[in-house]
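Asker: Got a predicted model here, sequence first, then my questions.
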Amino acid sequence: MTTRNLPFGKPWIGDEEKNAVLEVLAGDVLTHGPQSKAFEEEFAEYMGGGYCVSVSSGMAALHLSYLEMGIGVGDEVIVPAETHVATAHAVEMVGAKPVFLDCEPTTGNIDASKLESLITKKTKAISMVHFLGVPCEMDAIMKIADKQGLKVIEDCALAIGSRYKGTHVGLIGDTGCYSFYPVKHITTGDGGMFVTKHKDVAARVSKIRGFYVDKTFAERTIPGMYDTLGVGLNYRMSDINASIGRQQLKRMGVIREKREANFITLKSGLSNIFGISILDSQNKDAISSFYCLSVVLEKPLDAKRIEIVKRLNAAGVGTSVYYPQPVPRMSYYQNKYGYKATDFVGAERISDQSIALPVGPHLTTDDMVYISQTFSSVLKELN
Ligand SMILES: Cc1ncc(COP(=O)(O)O)c(C=O)c1O
């Protein structure tokens with residue numbers, strides 16, 4: 001087999017994005033103008049509802065969620081152990097305590113059956129990540145949240161196009177937080193979207209995102225005059241970034257289709273390999289966005305993970321790890337809260353034993369056959 005070059009992620013940037021940026025640069029408004037507004041409306045349309053606020057990153061959307069909810073010192077928020085650090089950092093940033101919840105083995109999503117055991121008088125919210133794009137079991141989570149009066153924050157950084165029982169994720173809980181970092185489904189360079197089904201929440205967050213001033217540039221009747229209603233940040237998305245996002249969003253239908261086709265081909269190509277498990281949706285009502293395909297090397301094969309990765313990379317197969325460590329095992333959280341690694345065996349299995357393989361639209365179904373055949377050959381070589 002001729003060696004290929006199959007990166008894990010590659011943004012799909014065409015002339016449409018380049019021309020859109022040039023058009024913004026040729027105009028008078030570079031930030032927080034008509035492009036950002038149009039991107040917000042088009043993103044809501046893509047999801048099929050909700051109110052959107054464009055922001056500078058996925059982390060900004062998460063931080064704004066807690067700020068708007070008034071969650072802070074003395075409060076606890078339940079956070080997935082298996083996620084990007086941003087999911088937990090947003091809780092830390094407002095002074096609240098992240099209480100980590102382990103994941104279940106087939107999807108990597110939070111184990112809803114263990115949720116209630118972590119709720120205390122201090123718990124104010126539950127956050128979750130739709131891991132690798134597979135929606136969490138939202139019925140079970142929302143039932144608990146409603147019963148206990150808790151807010152729900154959906155980290156949708158990997159989940160554009162994911163639907164649970166027909167509803168786009170991010171519109172089930174109180175807030176949905178999206179990331180447009182370059183390896184995500186669509187990109188704006190850096191950027192994010194705060195999403196909510198509550199109009200008043202969107203209105204408040206849109207103010208907090210821009211220093212919490214009462215009038216945006218466009219809303220001021222007398223230039224330069226405004227008041228401030230509270231403490232805010234500058235988490236705005238520029239019109240340059242938003243113009244890229246608008247073009248990217250037009251590709252989303254094709255991007256999702258290609259990812260799904262690639263995932264199905266790769267999963268089928270790996271299906272006869274002994275000693276591995278593939279993370280995937282277990283619920284026909286939970287439609288994935290197919291962010292990537294994560295292979296868990298079950299024991300004792302996991303001992304060969306580094307060597308397998310090296311050989312895959314040498315054969316041109318890009319890989320990654322989602323995520324490199326359970327967050328409570330990361331130095332900062334372990335030092336501060338003293339979590340023991342053994343408290344999160346589900347997350348440890350995924351972090352320490354998995355390899356993430358690419359399924360993005362930069363790759364063809366034939367590339368998926370190459371990846372599964374290469375994977376199989378590498379395992380035979382190491383046997
Ligand atoms: C699950 C998850 N949440 C949040 C983020 C943070 O998003 P951003 O990089 O846009 O701040 C990421 C990664 O980028 C992520 O993977």
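Answerer: Now that the structure is in, tell me what you want to look at.
Asker: give me the number of residues near the closest residue to the ligand within the chain?
Answerer: Of all residues in the chain, residue 58 sits closest to the ligand, at 2.7 Å by C-beta to the nearest ligand atom. The way it works is simple: take the backbone N, C-alpha and C, and place the C-beta from them, glycine included. The local packing of residue 58 (other C-beta atoms under 10 Å) involves 27 other residues.
Asker: Tell me which residues touch it, please.
Answerer: The contact partners of residue 58, taken as C-beta atoms under 8 Å, 6 or more residues apart in numbering, are 86, 155, 157, 177-181, 192.
Asker: The stretch 251-383 of the chain: helices as residue ranges?
Answerer: Secondary structure of the stretch 251-383 of the chain (DSSP state H, counting those that start in this stretch): helices at 252-270, 305-314, 331-337, 345-353, 365-382.
Asker: where's the residue nearest to residue 382 when sequence neighbours are not counted relative to residue 112, distance?
Answerer: The spatial neighbour of residue 382 that comes closest, neighbours along the chain excluded (C-beta to C-beta, 6 or more residues apart in numbering), is residue 304 at 5.3 Å. Residue 304 is 33 Å from residue 112, where distance means C-beta to C-beta, to the nearest Å.
Asker: For residue 170, pull up the helix or strand it's in.
Answerer: Assigned by DSSP states H and E, residue 170 belongs to neither a helix nor a strand.
Asker: how close does it get to residue 4?
Answerer: Taking C-beta to C-beta, one finds residue 170 at 35 Å from residue 4.
Asker: coming back round to it: adding mean neighbour count and mean pLDDT, write the helices of the stretch 251-383 of the chain out as CSV.
Answerer: Below are the helices of the stretch 251-383 of the chain laid out as CSV (neighbours: other C-beta atoms under 10 Å; pLDDT from 0 to 100):
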stretch, mean neighbour count, mean pLDDT
helix 252-270, 18, 98
helix 305-314, 15, 98
helix 331-337, 13, 95
helix 345-353, 21, 97
helix 365-382, 17, 97
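Asker: Kindly tell me how buried the residue nearest to residue 87 when sequence neighbours are not counted is, as a neighbour count.
Answerer: Once flanking residues are discounted, residue 87 sits nearest to residue 155: 4.9 Å by C-beta to C-beta, 6+ apart. Neighbourhood size, residue 155 [other C-beta under 10 Å]: 31.
Asker: In helices, which of the contacts of residue 58 appear?
Answerer: Among the contacts of residue 58, the members falling in helices (DSSP state H) are residue 86.
Asker: got the contacts of residue 58 as CSV, with pLDDT and distance to the ligand columns?
Answerer: As requested, those are exported to CSV (pLDDT from 0 to 100; distance: C-beta to the nearest ligand atom, whole Å):
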residue, pLDDT, distance to the ligand
86, 98, 4
155, 98, 5
157, 98, 3
177, 98, 7
178, 98, 8
179, 98, 3
180, 98, 7
181, 97, 4
192, 98, 5
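Asker: just the contacts of residue 58 now: which is nearest residue 38?
Answerer: residue 180 (15.1 Å; C-beta to C-beta).
Asker: The ligand contacts on the stretch 151-300 of the chain?
Answerer: Contact residues (C-beta under 6 Å from any ligand atom) of the stretch 151-300 of the chain with the ligand: 155, 157-158, 179, 181, 192.
Asker: how close does residue 2 sit to residue 373?
Answerer: Taking C-beta to C-beta, one finds residue 2 at 12 Å from residue 373.
Asker: ugh, typo on my part, it should be residue 227
Answerer: Residue 227 sits 64 Å away from residue 373, taking C-beta to C-beta as the criterion.
Asker: that older thread, mind checking pLDDT for the residue of the chain closest to the ligand?
Answerer: Residue 58 carries a pLDDT value of 98.
Asker: before we move on, what about residue 132?
Answerer: pLDDT, residue 132: 98.
Asker: can I assume it is in contact with residue 108?
Answerer: Yes: here residue 132 lies in contact with residue 108, judged by C-beta atoms under 8 Å, at a distance of 6.4 Å.
Asker: Show me whatever sits in contact with both of those two.
Answerer: Overlap of the contact sets of residue 132 and residue 108 (by C-beta under 8 Å, 6+ apart) consists of 279, 294, 322.
Asker: so can I have JSON lines of those residues showing pLDDT?
Answerer: Formatted as JSON lines, those follow (pLDDT from 0 to 100):
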{"residue": "279", "pLDDT": "98"}
{"residue": "294", "pLDDT": "98"}
{"residue": "322", "pLDDT": "97"}
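Asker: Same list (those) but as CSV, adding neighbour count.
Answerer: Below are those laid out as CSV (neighbours: other C-beta atoms under 10 Å):
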residue, neighbour count
279, 24
294, 22
322, 21
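Asker: Tell me which of those fall in strands.
Answerer: The strands, defined by DSSP state E, take in residue 294 from those.
Asker: what's the spacing between residue 140 and residue 287?
Answerer: 17 Å.
Asker: more crowded one of these two?
Answerer: residue 287 (21 against 14).
Asker: That one contacts residue 162, correct?
Answerer: Yes: the pair residue 287 and residue 162 qualifies as a contact (C-beta under 8 Å) at a distance of 6.2 Å.
Asker: Give the residues shared as contacts by these two.
Answerer: residue 135.
Asker: before we move on, back to that, neighbour-wise, which of residue 170 and residue 4 wins?
Answerer: Set residue 170 next to residue 4 and count neighbours by other C-beta under 10 Å: residue 170 wins out with 29 against 14.
Asker: can you tell me which residues contact the nearest residue to the more buried one once chain neighbours are set aside?
Answerer: Nearest residue to residue 170, sequence neighbours excluded (C-beta to C-beta, 6+ apart): residue 176, at 2.0 Å. By C-beta under 8 Å, 6+ apart, residue 176 lies in contact with 50, 154, 156, 169-170, 193-196.
Asker: Now do the same for residue 176: its pLDDT.
Answerer: 98.
Asker: again, but for residue 215
Answerer: Residue 215 is given a pLDDT of 85.
Asker: what's the distance between it and residue 228?
Answerer: In this view, residue 215 and residue 228 are 10 Å apart by C-beta to C-beta.
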